[in-house]
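Participant: Sharing a model prediction with you, sequence too.
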Amino acid sequence: MQTQTTDTIAYGVVYKKNLSQYHVHTNDQVILCSLSAKLWKDFEYSGGKGGRKKRVTNTRDKHMDPVAIGDRVRYQPAGDDTGMILEVLPRQNKLTRQSAKPMPGAHAFEQVIAANLDQVVPVFAAANPEPRWHMLDRYLVAAEHHRLPVRIAITKMDLIQNTPAESDLLEAVERYRRIGYPVTLTSSQQMMGLEELRDILLEKTSVLVGKSGVGKTSLLNAIEPGLGLRVQTVNQTTGKGRHTTTHLEMFPLAAGGAIIDTPGVREFGLIGLTPEDVAECFPEMRPFLGQCHFGHSCNHEEEPGCAIRQAVMDGAISPYRYKSYLRLKVDL
Amino acid sequence: MMRTYFDDFNADFTCKNCGRYVSARTAVSGVVNRNHCPYCLHSRHVDLFEAGDRLCACKGVMAPVGLTVKRSRDKYARGLQGELMLVHRCQTCGGLSINRIAADDDSIRILESLSQCPENLLEQSQIHEIQILTNADIALVESRLYGTQVLAA
């Protein structure tokens, strides 16, 4: 991370935040920073459909945060390992999701998960909980929308070894590899695939995303043994994770690079995307866009002469991915 | 997931072939899975690997082209003992599928599909291991549609 310090103004990277305190890493130290009132006043966020910009106007909007993990910030040091963030430097990129709606019918807003990333690592468990490929497609579309490279990690491979579920999983994995997404099969118990994952994460800022209980933190513990982060088993009755990780935090890796651990999410809503944009976020569909009978006006659903549907029939696009595409468009 | 009244209501459709409104509600249609028009017996090509997967991108109109009987799981079953089924062929991609006959299907149309079986269907059905019924099986079809007691009367 490029950081520099002057007499009164310093620059750093936000590694962690909790209760309005931001842990800003500079060269060799961690500064606990608060947020300046001006930053709050000038903060605009996109809310609702169409990405209309809104300002924080009342206390209800205070759950919005102008600073995200990974942000490069300009701050004023107070001299005792504390300071005040004055400015968030322009982001190279960001990974966002639609916030949970406080009540039915309310407008959702954009929630920035992390900023200034080199890659996104969606984590899925081979079993317990079962992988949901439509959820993976949502992560992939979000990453493609923000032009972020993706590396998929499958955990808990030891649970399905030599079972019929293994061949089903490998078939699904092959589907994503054919599109061009690298997939790493791992097991923290058997120390499987960890070296490959370390190489992937080397000298890069990565974010681990996935639902609760898939083993994001266990994977991080296995990659970087010194961290000793808290993990739990999934609930045996419900088969769901226990939301053990409750805050976002970035960890520097000893070999170089950094990794952001995130709490598990139940839903991952897409924001800033229109139904017309979704096909662009499916890399295997891009070569066929504009080749339909109705050109770029085609919805790729019922129209005669649709090149995308023909490509699905010809085997160039997986029918599962096409179905996922249709579901995503309905949800937007 | 439990089916609800509203799920049934949302599955109603307008036939792509004859344009008639078809209710998929069990109370109205008498079947749980309404997958073709009861008036003209046409269907849509939406399933790919198994019934209900909705993975097929073709979405073409499927015409009734013949009749068959469902394979019996009974290893002691003899001859054509399975349930009478309708054979559909996609008018866009030529794919074949077999579907259950519903209680309110037009029986005259069903009998017509037996006699109007296309010639090349037999070759195609052999590839898909579907045994197509011919005019020689009309007695079997009538007994399945109307019952043996009705025919005897």
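Facilitator: Received the coordinates, thanks.

Participant: Chain A contacts on chain B?
Facilitator: For chain B, the contact set with chain A under C-beta under 8 Å from any C-beta of the partner chain comprises B:48, B:54-59, B:93. (Each C-beta comes from the backbone N, C-alpha and C, glycine too.)

Participant: again, only using 6 Å
Facilitator: Contacts of chain B with chain A, taken as C-beta under 6 Å from any C-beta of the partner chain, map to B:48, B:55, B:57-58.

Participant: Do you know the pLDDT at residue 44?
Facilitator: With no chain named, the answer covers chain A. Note on A:Glu44: pLDDT of 70.

Participant: that answer is for a different chain, and I need it for chain B
Facilitator: pLDDT, B:Arg44: 93.

Participant: give me the beta-bridge partners of it?
Facilitator: Beta-bridge partners of B:Arg44, counted by DSSP bridges, are B:Val61.

Participant: Against chain A, how distant is it?
Facilitator: Going from B:Arg44 to chain A by C-beta to the nearest C-beta, to the nearest Å gives 10 Å.

Participant: which of the residues of chain B next to chain A tops the neighbour count?
Facilitator: Counting neighbours by other C-beta atoms under 10 Å in any protein chain shown, B:Ala57 leads the residues of chain B next to chain A with 23 neighbours.

Participant: same for the strand of greatest length in chain A, what does it pack against?
Facilitator: Counting by DSSP state E, the longest strand found in chain A is strand A:10-18. Applying 3 or more C-beta pairs under 6 Å, 6 or more residues apart in numbering or on different chains; DSSP states H and E, one finds that strand A:10-18 makes contact with strand A:21-25, strand A:72-77.

Participant: Tell me the residue of chain B that sits nearest chain A?
Facilitator: Closest residue of chain B to chain A, C-beta to the nearest C-beta: B:Ala57 (3.5 Å).

Participant: Not counting its neighbours along the chain, what's nearest that residue?
Facilitator: Counting by C-beta to C-beta, 6 or more residues apart in numbering or on different chains, A:Val312 is the residue found nearest to B:Ala57 once chain neighbours are left out, at 3.5 Å.

Participant: mind listing what the one you found touches?
Facilitator: By C-beta atoms under 6 Å, 6 or more residues apart in numbering or on different chains, A:Val312 lies in contact with A:319, A:322, B:57.

Participant: Doesn't it belong to a helix?
Facilitator: Yes: A:Val312 forms part of a helix when assessed by DSSP: H, G, I helix; E, B strand; the rest coil.

Participant: confidence score at it?
Facilitator: So A:Val312 comes in at 93 (pLDDT).

Participant: State the distance from it to B:Tyr146.
Facilitator: According to C-beta to C-beta, to the nearest Å, A:Val312 and B:Tyr146 sit 42 Å apart.

Participant: Could you do B:Ile132 as well?
Facilitator: Going from B:Ile132 to B:Tyr146 by C-beta to C-beta gives 21 Å.

Participant: more crowded one of these two?
Facilitator: B:Ile132 (20 against 12).

Participant: is it true that that one touches B:Gly66?
Facilitator: Yes: using C-beta atoms under 6 Å, B:Ile132 is in contact with B:Gly66, at 4.8 Å.

Participant: Which element, helix or strand, includes B:Ala102?
Facilitator: Using DSSP states H and E, B:Ala102 falls within no helix or strand.

Participant: which non-adjacent residue is nearest it?
Facilitator: If the residues on either side of it in the chain are set aside, B:Ala102 comes closest to B:Val31, at 4.2 Å by C-beta to C-beta, 6+ apart.

Participant: all strands of chain B, in order?
Facilitator: So, for chain B - with DSSP E - the strands run B:13-14, B:21-22, B:43-44, B:61-69, B:84-90, B:96-100.

Participant: Could you do the stretch 101-250 of chain A as well?
Facilitator: Counting by DSSP state E, counting those that start in this stretch, one finds strands in the stretch 101-250 of chain A at the ranges A:110-115, A:119-125, A:152-155, A:183-185, A:205-209, A:249-252.

Participant: hmm, who's touching the first one?
Facilitator: Strand A:110-115 is contacted from outside by A:46, A:68-71, A:91, A:94-97, A:99, A:207, A:260, A:271, using C-beta under 6 Å, 6+ apart.

Participant: pLDDT on it, on average?
Facilitator: Averaged over strand A:110-115, pLDDT sits at 88.

Participant: Now do that strand: distance to the chain's middle.
Facilitator: Computed by C-alpha atoms, centre = their mean, to the nearest Å, the chain-centroid distance of strand A:110-115 equals 8 Å.

Participant: Now do that strand against strand A:119-125: the angle between them, please.
Facilitator: Relative orientation of strand A:110-115 versus strand A:119-125 (axes from the mean of the first three to the mean of the last three C-alpha atoms, to 10 degrees): 100 degrees.

Participant: quick one, strand A:110-115 and strand A:72-77 angle?
Facilitator: 80 degrees.

Participant: buried set for strand A:110-115?
Facilitator: Across strand A:110-115, burial judged by 16 or more other C-beta atoms under 10 Å in any protein chain shown covers A:110-115.

Participant: Just the closest of the residues you listed to chain B, please.
Facilitator: Comparing the buried residues of strand A:110-115 against chain B with C-beta to the nearest C-beta places A:Gln111 closest, at 28.9 Å.
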